[in-house]
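Peer 1: I would like the atomic coordinates for the input below:
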Amino acid sequence: MATGLEYAPRQHETEQITAHVLWMTTGLSCEGDSVAMTSATSPSLEDIIQGAIPGMPRAVIHNQVIAFEVGDEYIGAWYEAEQGRLDPFVLVIEGSVGNEEINGEGHWTGFGVNPSNGQPITLNEWIDRLAPKAAAIVAVGTCATYGGIPAMKNNPTGAMGVADYLGWKWRSRAGLPIINIPGCPAQPDNMTEVLMYLVFHLAGMAPAPELDEQLRPKRRHRLPAVHLRPRVPLYAAPEHEQAVRTRTGVAASRTCAHDRLRQALVINPTSLSPGRPERGDNTWPQLRSHPRRKSSSRRCRGIRSLGS
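Peer 2: Below is the predicted model of the structure:
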């Protein structure tokens, strides 16, 4: 029986809004980000699709990894978005964008067939068609954000990230910049959380995600990655940092990634300093046993001895 009880402001009103997510997995990549997203928990993909979050507009995610439709039935959503029949929609790009100007007589990517010439419709063409009409564009995974492995030297595709293709100052018709979610694969909760915030923002219920200079959500990219590793004591060892610097040219304590605080770590955010901590420094996160596992000390004993 309907009671009219609301758990969020304008809940009944905003839940009537439908936002579509056109997720293209046809870039130069492995679709690993889509697979990883199915393991998200906060929020989970099921929570978003089934509308389990109070007040959240209905989100319809078109992604071939989870879609039941195939062929023309599946690709129909992209044509509807081009015709303005899906509004609002978020365009998600997974995989790097090849340079189709140097494809010779072929093509680097393809999604659907152009009925006028019988040739595949490239990812570049879909971006050109849909970008002006999208409420937001999200690049997921290192390939889509910065080019990734396909952009390495001597790769003939001329691969690049979405921001390199559209421009780093590009804005959607809703005034939003491209949102980059790097990672190989991207951290699952980073993807689902950004989608949730975008849907709420498009419904006028939340501000747009705040981004850093690399167009990454600041909420998820604040701390050096080393602070969030499950084997922090090893990374605190000077010998390890020197090894990382020797192999990669980057100090371990300076490498940044997602800011997903795991249950295995207890962190005092006010004590984390940008400087390089030493072993035994109490500003480092302390290990705590995972609630569903035995103590990690036995598993890490041999590794910790490397830094002793």
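
Peer 1: C-alpha from now on. contacts and neighbour counts both.
Peer 2: OK.

Peer 1: close enough to count as contact, Val138 and Ser172?
Peer 2: No. Val138 lies out of contact with Ser172 (Cα atoms under 8 Å); the separation is 10.7 Å.

Peer 1: Name the residues contacting each of those two.
Peer 2: Counting by Cα atoms under 8 Å, 6 or more residues apart in numbering, the contacts common to Val138 and Ser172 are Ile178.

Peer 1: between the two, which one's more packed in?
Peer 2: Between Val138 and Ser172, Val138 has the larger neighbour count (other Cα atoms under 10 Å), namely 26 against 16.

Peer 1: does the more buried one count as helix, strand or coil?
Peer 2: strand (DSSP: H, G, I helix; E, B strand; the rest coil).

Peer 1: what residues are up against it?
Peer 2: Val138 neighbours (Cα under 8 Å, 6+ apart): Val90, Leu91, Val92, Ile93, Ile178, Ile179, Asn180, Ile181.

Peer 1: Just list what the longest helix along the chain packs against, helices and strands only.
Peer 2: Secondary structure of the chain per DSSP state H: the longest helix is helix 188-202. Secondary-structure packing of helix 188-202 (3 or more Cα pairs under 8 Å, 6 or more residues apart in numbering; DSSP states H and E): helix 32-37, helix 45-50.

Peer 1: try it again with 7 Å
Peer 2: helix 32-37 (3 or more Cα pairs under 7 Å, 6 or more residues apart in numbering; DSSP states H and E).

Peer 1: ok so, going back, and the contacts of Val138 as JSON lines, adding secondary structure, neighbour count and distance to Ile149?
Peer 2: Listed next are the contacts of Val138 as JSON lines, based on DSSP: H, G, I helix; E, B strand; the rest coil; neighbours: other Cα atoms under 10 Å; distance: Cα to Cα, whole Å:
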{"residue": "Val90", "secondary structure": "strand", "neighbour count": "27", "distance to Ile149": "25"}
{"residue": "Leu91", "secondary structure": "strand", "neighbour count": "24", "distance to Ile149": "22"}
{"residue": "Val92", "secondary structure": "strand", "neighbour count": "24", "distance to Ile149": "19"}
{"residue": "Ile93", "secondary structure": "strand", "neighbour count": "26", "distance to Ile149": "16"}
{"residue": "Ile178", "secondary structure": "coil", "neighbour count": "26", "distance to Ile149": "21"}
{"residue": "Ile179", "secondary structure": "strand", "neighbour count": "24", "distance to Ile149": "20"}
{"residue": "Asn180", "secondary structure": "strand", "neighbour count": "27", "distance to Ile149": "16"}
{"residue": "Ile181", "secondary structure": "strand", "neighbour count": "27", "distance to Ile149": "16"}
